[in-house]
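S.K.: Return a 3D structure for these sequence lines:
(2 chains)
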Amino acid sequence: MDCGTVLDNLTRIAESDLSAEELLLARAHLAECPTCGAAYRDVVGLASELRSLPRPEAPPALRAQIAMALNAADAARAQTDARSPWELFGPYVAAAAVIAIAFGLATLVTRPRDGGRVARAPAEATRPHDAPQGAEALPTAEGTVPPPPTAGTPASTDERSAAAVEAANRRIRELQDREAMRSRDGTALWPSDLEPGREGSRPVGSGAPPGTRPGTFSPTPTGPEPTIEPPPAPTQIDVSFRPPDRPLVGTPVFGMVELAARDSLPQVVVSAIGDDGLTIDKPNGTLYSGPLKAGETVRVPVPMTASREGLHEIQIRVDSDAPGAATDVKAFVPNFRRAGTPSPAPAAAADKPVNLVFKNAPVRQALLDIARQAGVRVEMAEGLGAERISEDVRGVPARAALRAVAESGGYQVDEVGEVFRITRAARNGG
Amino acid sequence: MNASHHAALVARAQASDREAFDRLVDETHSLAYATAYRLIGDADAASDAVQEAYVRAYSSLHTFRGHSSFTTWLYRIVVNVSLDTLRRRARAPERLTLVDEEHGEQPIEIVDRSADPHADIERFERQAAVQRALLRLSDDHRAVLVLFDLNGLAYEEIAEILSVPLGTVKSRLNRARLALRDALGEDAELFGRP
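M.R.: Numbers count the residues shown, from 1 in each chain, chains lettered A, B, ... in the order given. Below is the predicted model:
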């Protein structure tokens, strides 16, 4: 057996997952070939190391977080179930109606009716600029399209289109009424073609007679066939919240909301509402209003004041015009306490001696070890702390131990509230 | 918990029994978290991934036909969500992380340090080195090592979770272990190699 075959099958050799003959040959090769033999020992040893890694414990709060996420899924499902079919499919039906109208009316205006009967259109009337001649086919003063031909007339394409137009106009009026009821600031329903009389909206062409009901279709036959844009893919905004470092009752403190999105969003509005014992110290709770660039993290301070001790709840809302981007996040701010009362993470923790010896250990891991043993909080940016240090901090208070380890690795320690923040040490004198 | 016990809970959950699904969560979330943590290497992100995985499982429970065990099905979702998380993170900017909180960074325990601090430190360092090397691997290699060596799953189950043939699992596992050896770099000396 050659080296390539053996190296390709080290795991199967270790697992005896080859035929007896193959195993015999492979083991003979391993005994003779130092390279393959070393690789085999490494692979087996590493597998053993992997299996001995302690299993990470799930955070105690995880179970509750999952329950909350499932509750939210239930609520979203219930909301979807409660929606009318129009709310769910209205935009798509409306889009289909746009096509039907454009297609149907283009035919209607070129084939004017007489007394409700379909008449043959003069050849020149097929030219776009002759559209007004087909005024009967255009919306009336009420803005609706005339009804289809009287009963008994054979149902032509025109008639079917007219029926579709009437149905569409009826639908448009429904949408307008609904929009008027629910619109806060003129926010339009999709598609924008249906916006009533909005500057820049497309529907009313030159052929529209006066008094056309805003928002109904008066398409000119010269107009291009409308293109229907599908709703854009939802943009997800990642929202995270960091509670204040030292939450004191009756004192303005700051949490932090971090926002990031896959796509750039021109306008994002972040607001927050606290529970009955927590006030967000911003007018209307609005924390941020501005753009969010793809791949960038926006950090928004959340000023708040609590009127009572203990756990508080905060609802963070992120609004955006992008479909699907708006999101609500519920966060908790624990351990609000009155000034002068003992802290749940007392400063004394930093004075607690640790009993550790580091030998060529990564700074990050050493800091973590000290923090865990003393029960203090340490912050360090991801990707930092790979430098190796050797320090004997047996019997050394945690604060001093953190400083010793950090400084050995070229870092500095800043105490921010009860948090030890580790950053790269500033260089003196350039 | 055995598969038939889970199958009974799944059947009840599929009949809109939320309590049954909650029981499934109770019995599997530790495993789901350990898997996500090993794949992602970050406690908060692993928690988020596990939440997302359960929401996905809950939403698509009606599609579960019982051809595999519930845990295998859940593993597949957890692995997919975790790998998605890694891909998203690869595009995201660096951010501050809390390295020590109640559910902070990797909880590697140092047991009875005072007895033989040097031996414990060396073991601790080896484990830390393996964990770091694991995170340097490709997603495919890390997934197969986590499922086989850390979670102790069988080849067949891994093949189902990763949607690859059995032979691919075996060859990928071999390559992953060799890649892990290479990824150790200078940490290899902790294992008595030059």
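S.K.: where do the helices sit along chain B?
M.R.: B:3-14, B:18-40, B:43-59, B:70-91, B:117-136, B:139-145, B:155-162, B:166-183 (DSSP state H).
S.K.: Keeping just the C-alphas, turn the last one into CSV.
M.R.: Yep, that's helix B:166-183 we're talking about. Output in CSV follows, covering the C-alpha atoms of helix B:166-183 (Å, rounded to 0.1, in the frame of the first residue of the first chain):
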residue,chain,number,x,y,z
LEU,B,166,-21.6,7.9,3.3
GLY,B,167,-18.3,7.6,1.5
THR,B,168,-18.0,11.4,1.4
VAL,B,169,-18.4,11.6,5.2
LYS,B,170,-15.6,9.2,5.7
SER,B,171,-13.2,10.8,3.3
ARG,B,172,-14.1,14.3,4.5
LEU,B,173,-13.5,13.2,8.1
ASN,B,174,-10.1,12.0,7.2
ARG,B,175,-9.2,15.2,5.4
ALA,B,176,-10.7,17.3,8.2
ARG,B,177,-8.5,15.6,10.8
LEU,B,178,-5.4,16.2,8.6
ALA,B,179,-6.5,19.8,8.1
LEU,B,180,-6.9,20.2,11.9
ARG,B,181,-3.4,19.0,12.4
ASP,B,182,-2.1,21.6,9.9
ALA,B,183,-4.3,24.3,11.4
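S.K.: Which secondary structure elements does it sit against?
M.R.: Using 3 or more Cβ pairs under 8 Å, 6 or more residues apart in numbering or on different chains; DSSP states H and E as the contact test, the elements touching helix B:166-183 are helix A:3-8, helix A:10-14, helix A:34-52, helix B:117-136, helix B:139-145, helix B:155-162. Every residue, glycine included, has its C-beta placed from N, CA and C.
S.K.: Pick the most buried one from those helices.
M.R.: Among these, helix B:139-145 has the highest mean neighbour count (mean count of other Cβ atoms under 10 Å in any protein chain shown), at a mean of 22.
S.K.: Nearest to A:D2 among the helices of chain B would be which one?
M.R.: Among those, the nearest to A:D2 by Cβ to Cβ is helix B:166-183 (15.6 Å).
S.K.: chain center to that closest one: distance?
M.R.: 17 Å (Cα atoms, centre = their mean, to the nearest Å).
S.K.: Please work out how many residues are found near B:G185.
M.R.: Here the number of neighbours of B:G185 (other Cβ atoms under 10 Å in any protein chain shown) works out to 12.
S.K.: Leaving out sequence neighbours, find the closest residue to the residue nearest in space to the middle of chain B.
M.R.: The centroid of chain B falls nearest to B:T35 when counting by Cα atoms, centre = their mean (1.7 Å). The shortest distance from B:T35 to any non-neighbouring residue, by Cβ to Cβ, 6 or more residues apart in numbering or on different chains, is to B:V78 (5.2 Å).
S.K.: B:S163 too?
M.R.: If the residues on either side of it in the chain are set aside, B:S163 comes closest to B:R76, at 7.6 Å by Cβ to Cβ, 6+ apart.
S.K.: tally of neighbours for the one you found?
M.R.: Residues near B:R76, counting by other Cβ under 10 Å, number 18.
S.K.: what helix or strand does the closest residue to chain B within the stretch 251-400 of chain A sit in?
M.R.: At 3.6 Å from chain B, A:A371 is the closest residue in the stretch 251-400 of chain A, using Cβ to the nearest Cβ. In this assignment (DSSP states H and E), A:A371 forms part of helix A:363-374.
S.K.: by contact count, what packs against that helix?
M.R.: On a contact count with 3+ Cβ pairs under 8 Å, 6+ apart, helix A:363-374 meets strand A:353-354, strand A:357-362, strand A:377-381, strand A:388-392, helix A:398-408, helix B:117-136.
S.K.: among those, which is nearest A:R63?
M.R.: Closest to A:R63 of these is strand A:377-381 (Cβ to Cβ; 23.0 Å).
S.K.: So the closest one, near chain B or not?
M.R.: Yes - residues of strand A:377-381 are located near chain B by Cβ under 8 Å from any Cβ of the partner chain, namely A:377-381.
S.K.: Give me the domain ranges for chain B.
M.R.: With domains defined by automatic domain parsing, chain B comprises B:3-91, B:117-191.
S.K.: weakest of the ones you listed by average pLDDT?
M.R.: Looking over those, mean pLDDT reaches its minimum on domain B:117-191, with a mean of 85.
S.K.: quick check: domain ranges of chain A?
M.R.: If you go by automatic domain parsing, the domain ranges for chain A are A:3-49, A:85-194, A:237-336, A:348-424.
S.K.: worst average pLDDT in the ones you listed?
M.R.: Between the domains of chain A, the one with the least mean pLDDT is domain A:85-194; it has a mean of 40.
S.K.: can you put the residues of strand A:377-381 next to chain B in a markdown table and add distance to A:Q315?
M.R.: A markdown table is the format used below for the residues of strand A:377-381 next to chain B (distance: Cβ to Cβ, whole Å):
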| residue | distance to A:Q315 |
| --- | --- |
| A:R377 | 25 |
| A:V378 | 30 |
| A:E379 | 26 |
| A:M380 | 30 |
| A:A381 | 29 |
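S.K.: Of those residues, which pair is most distant in space?
M.R.: Going by Cβ to Cβ, the pair spanning the residues of strand A:377-381 next to chain B furthest: A:R377 and A:A381, at 14.8 Å.
S.K.: Which of these two has more residues huddled nearby?
M.R.: Neighbour count, other Cβ under 10 Å: between A:R377 and A:A381, A:R377 has more, with 22 against 15.
S.K.: still on that earlier bit, out of the helices of chain B, which gets nearest to A:Q267?
M.R.: Nearest of these (Cβ to Cβ): helix B:70-91, 22.2 Å.
S.K.: Does chain A have contacts with stretch B:140-157?
M.R.: Yes - contact of stretch B:140-157 with chain A (Cβ under 8 Å from any Cβ) involves B:145, B:149-150, B:152.
S.K.: Using the three-state scheme, assign the residue lying closest to A:Y411 once chain neighbours are set aside.
M.R.: Distance criterion Cβ to Cβ, 6+ apart; nearest residue to A:Y411, sequence neighbours excluded, is A:I422 at 5.1 Å. Classification of A:I422 by DSSP: H, G, I helix; E, B strand; the rest coil places it in strand.
S.K.: Across the sheet, point out what pairs with A:I422.
M.R.: Following DSSP bridges, A:I422 is listed with bridge partners A:M380, A:V413.
S.K.: Wait, it touches A:A366, no?
M.R.: No - judged on Cβ atoms under 8 Å, A:I422 makes no contact with A:A366 at a distance of 10.8 Å.
S.K.: Identify the residues contacting stretch A:418-429?
M.R.: With Cβ atoms under 8 Å, 6 or more residues apart in numbering or on different chains as the test, stretch A:418-429 has contacts from A:245-246, A:343, A:345, A:347, A:350, A:367, A:371, A:376-381, A:384-385, A:399, A:402, A:406-407, A:410-415.
S.K.: Which of these are buried? Put it as a PyMOL command.
M.R.: Command for PyMOL that selects the buried part of those, burial taken from 16 or more other Cβ atoms under 10 Å in any protein chain shown:
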select buried, chain A and resi 245+246+345+350+367+371+376+377+378+379+380+384+385+399+402+406+411+413
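S.K.: Next, format the domains of chain B as a markdown table and append distance to A:Q65.
M.R.: Formatted as a markdown table, these follow (distance: least, Cβ to Cβ, whole Å):
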| stretch | distance to A:Q65 |
| --- | --- |
| domain B:3-91 | 6 |
| domain B:117-191 | 22 |
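S.K.: The ones you listed: which one's closest to A:D42?
M.R.: Taking Cβ to Cβ, domain B:117-191 is the member of those nearest to A:D42, at 4.8 Å.
S.K.: From the chain's centroid, how far away is the closest one?
M.R.: Between the centre of domain B:117-191 and the centre of its chain there are 11 Å (Cα atoms, centre = their mean).
S.K.: Can you tell me the SS state at the closest residue to chain B within chain A?
M.R.: As assessed by Cβ to the nearest Cβ, chain B sits closest to A:P59 within chain A, at 2.8 Å. What three-state DSSP gives for A:P59 is coil.
S.K.: hang on, it packs against B:D48?
M.R.: No - A:P59 lies out of contact with B:D48 (Cβ under 8 Å); the separation is 11.2 Å.
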